[in-house]
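> Return a 3D structure for these sequence lines:
(one chain, ligands or ions: 2)
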Amino acid sequence: MSKSATIQSGWREGGVVFEMGVFASENNIFRKPIGHCKNRDSPYPRTKLEIVYMQNGKEKIIIVGLRILGESIEFYEESMAELGRLVESAGGEVIARLDQSREKPVPATFIGKGKLDELKSIVEMEKCYSVIFDDDLKPNQKRNIEYALGGEVKVIDRSGLILDIFASRAKTAEAKIQVELAQLEYLRPRLTGMWEHLSRQYGGSIGARGPGEKQLETDRRVLDKRISVLRRKLGQIEKQRRVRRQHRKGVFRVALLGYTNAGKSTLLNAITNARAFAGNKLFATLDPRTRVYRYTTGRKVLFTDTVGFIRKLPHHLVESFRSTLAEAGEADIIIIVADASHPALRDHLEVVSAELERMEIDGRRRLLVLNKTDLIDDTAYAELTRRYSGPEVVFVSAKIGTGIDRLLDKILEYIPTLSVSENPI
Ligand SMILES: Nc1nc2c(ncn2[C@@H]2O[C@H](COP(=O)(O)OP(=O)(O)OP(=O)(O)O)[C@@H](O)[C@H]2O)c(=O)[nH]1
Ligand SMILES: [Mg+2]
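Residues are numbered from 1 along each chain as shown. Ligands and ions are numbered 1, 2, ... in the order given. All right, here's what the predicted structure looks like:
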C-alpha cells in the first residue's frame, strides 16, 4: 500500500466531516484518523476507521429502493434514476441496485428480512461496503440495517447523501454555516449508533452506562452548543442581508427558482453574462447570486439565481436555506425554470410548487420558463406548447440563447414605470 497519497481534510459520512488521512492502494482507499480534531470542542466523533472500496477511482455504491405498492412505477423509477445521479454527483459509482415492493416499510429494518439477506450477499459478492437507501431511514433503522449487514457497512440515506453533496459544494461562509447546521441537526438523533461499537468493546451490560453512552452525552452537549453558535452566526448574516436588501429597494427584482439542473445558472449567465458556475451535476449552485441586467432604455433589473430543489429534499436543509430562499421569494417576479427535455418535467414542476408553498413563497407574479428546447424535437415541442400555454410561459434555450429576448420583453411588460430606480447598485 503506497502511503504517498494525499492528505484529505475530511471524510464525510451522512454529511459529517471527519479529519482523516488518506492512504491509497491500487484499488482501495484506506482512510483513517490522522489524529483528533484540532478543536477540542468539535462536535464530530473522533475515532473511526473506514475502508473505501473503489472502482475506476470512484467509491462503489449499492442503491436500495422501496416502492410502496400503489405508488406509480414511473415515479419510483425516476426517483431511483435520480438517486443514481446524486451518487455520481457525490463522486460514487452505482454497481448494484436492489428493489423491493411492499405495502409499507418494515419498522425495524425498512426492507424485509429476505431482502436484507439478499443485500448482505450482494455486499459480500461485490465487496462493496457503502449502501444508499432512496428514502430517509429512521436512526434505529439505519443502526439495525448496519448491524444486520455485519457492522462494517456504511448505510446512508437520501438525506445523508444530499447533505454530503451540499457539504462538498458549500463555498461561502454563509453556505458553509447553513450546511453545517443542517448536518448537525441531521446527525443529532443518529449519534447513538456511532458510539455503540465502543460500548460493545467495553462490554457495558444491558442498562449499564458504558463509556459509549457517557461519550454520547458529551457529544450531544458539544453538538448543541455548536448548533446554537451556528444559529447565531446565521442570524447575523441574515441581518446583513436585510441591510443589503434595503439598498436594493426600488430596483425591480427577478428570482430564478426551480429543480436542480434545470439551467438556472446557465440562464443567469445568458441574460447577464454573470459567469455563474453551471455544471451538469446536481446542486451546482448553493449560494444565491445576484446580477444586474440593463435594458437599452437604461432600466435595471436584478436577477437572482438560487439553490435548486429536488424531491425528498431534507427538511433540515430547507430550514437552513429558508432565509436565502425566502429572500428570493420576495422578488417582484419569480421565474420557475424547468428542463423541458426531462421526462419527469411534470413531477419536477410539482416538487417546485410544493416546496414554494411549504416556504410560503406564493402570491408573486410567476413566469414559467421551459428551458433546454434545443434538446427536444418538433413533436415534443408541439406537445409541450399544448400542455403549457399562455402568456406566462416562455420557451428558451439558455445554452444556445434562443428565446432570451422574448423572456426579457416579457419581464419588461411587468415592470411598473415608477419602480425603476436610478440608484447605483
Ligand atoms: N442542451 C442544453 N443544456 C443546458 C441548457 N441550459 C443548461 N444546460 C445544461 O444543464 C446543466 C445544468 O445547468 P445549470 O445552469 O448548472 O443548472 P442549475 O439549474 O443552475 O442547477 P443547480 O445549480 O444544480 O440547481 C449544465 O450542464 C448546462 O450546460 C440548455 O438550454 N440546453
Ligand atoms: Mg445553478
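
> Which residue is the nearest non-sequential neighbour of Lys410?
Excluding the flanking residues, the one nearest Lys410 by C-beta to C-beta, 6 or more residues apart in numbering is Val394, at 5.8 Å. All C-beta atoms are positioned from the backbone trio N, CA, C, and that covers glycine.

> pretty sure that neighbour is touching Arg366, no?
No - applying C-beta atoms under 8 Å, one finds Val394 not in contact with Arg366, separated by 11.6 Å.

> And these two? Which one has more around it.
Val394 (20 against 15; other C-beta atoms under 10 Å).

> Residue in this structure with the shortest distance to ligand 1?
Gly308 (2.5 Å; C-beta to the nearest ligand atom).

> Just read off the phi/psi values of that residue.
phi -90, psi 160 (degrees, to the nearest 10).

> Can you report how many residues lie near it?
Residues near Gly308, counting by other C-beta under 10 Å, number 24.

> Enumerate every residue touching it.
Gly258, Tyr259, Thr260, Asn261, Ala262, Lys264, Leu282, Phe283, Thr285 (C-beta atoms under 8 Å, 6 or more residues apart in numbering).

> shaky segments in the stretch 101-250 of the chain?
Low-confidence segments of the stretch 101-250 of the chain, defined by pLDDT under 70: 151, 192-218, 248.

> can you narrow the contacts of Gly308 to ones near ligand 2?
Of the residues in these, proximity to ligand 2 by C-beta under 5 Å from the ion holds for Lys264, Thr285.

> So which of the contacts of Gly308 is the closest to ligand 2?
Taking C-beta to the ion as the measure, ligand 2 sits nearest to Thr285 out of those, at 2.9 Å.

> can you tell me which helix or strand the closest residue to that closest one other than its chain neighbours belongs to?
Nearest non-adjacent residue to Thr285, counting by C-beta to C-beta, 6+ apart: Ser265, 5.2 Å away. Ser265 belongs to helix 264-272 when assigned by DSSP states H and E.

> Let me see the contact set for Leu257.
Leu257 sits in contact with 264, 306, 309, 325, 328-329, 334-337, 352, 356, 361, where contact means C-beta under 8 Å, 6+ apart.

> Neighbouring strands - and their directions - for the helix or strand it falls within?
Using DSSP H and E, Leu257 falls within strand 252-258. Strand pairing for strand 252-258, using DSSP bridges, gives strand 300-305 (parallel), strand 333-339 (parallel).

> Can you name the residues of this protein that neighbour ligand 2?
Close to ligand 2, as judged by C-beta under 5 Å from the ion, the chain has residues Lys264, Ser265, Ala284, Thr285.

> rerun that using 6 Å as the cut-off
The chain comes close to ligand 2 at residues Lys264, Ser265, Ala278, Ala284, Thr285, Asp305, as judged by C-beta under 6 Å from the ion.

> Break the protein into its domains for me.
Following automatic domain parsing, one gets these domains for the chain: 56-168, 173-232, 249-419.

> can I get those in JSON lines with distance to Val243?
Output for the domains of the chain, formatted as JSON lines (distance: least, C-beta to C-beta, whole Å):
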{"stretch": "domain 56-168", "distance to Val243": "26"}
{"stretch": "domain 173-232", "distance to Val243": "14"}
{"stretch": "domain 249-419", "distance to Val243": "11"}
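
> Could you pull out the strands in the stretch 1-150 of the chain for me?
Counting by DSSP state E, counting those that start in this stretch, the stretch 1-150 of the chain has strands at residues 11-13, 16-18, 20-24, 28-33, 50-55, 58-68, 92-102, 130-133.

> What segments of the stretch 151-300 of the chain are strands?
Using DSSP E, counting those that start in this stretch, strands in the stretch 151-300 of the chain cover 154-157, 252-258, 289-294, 300-305.
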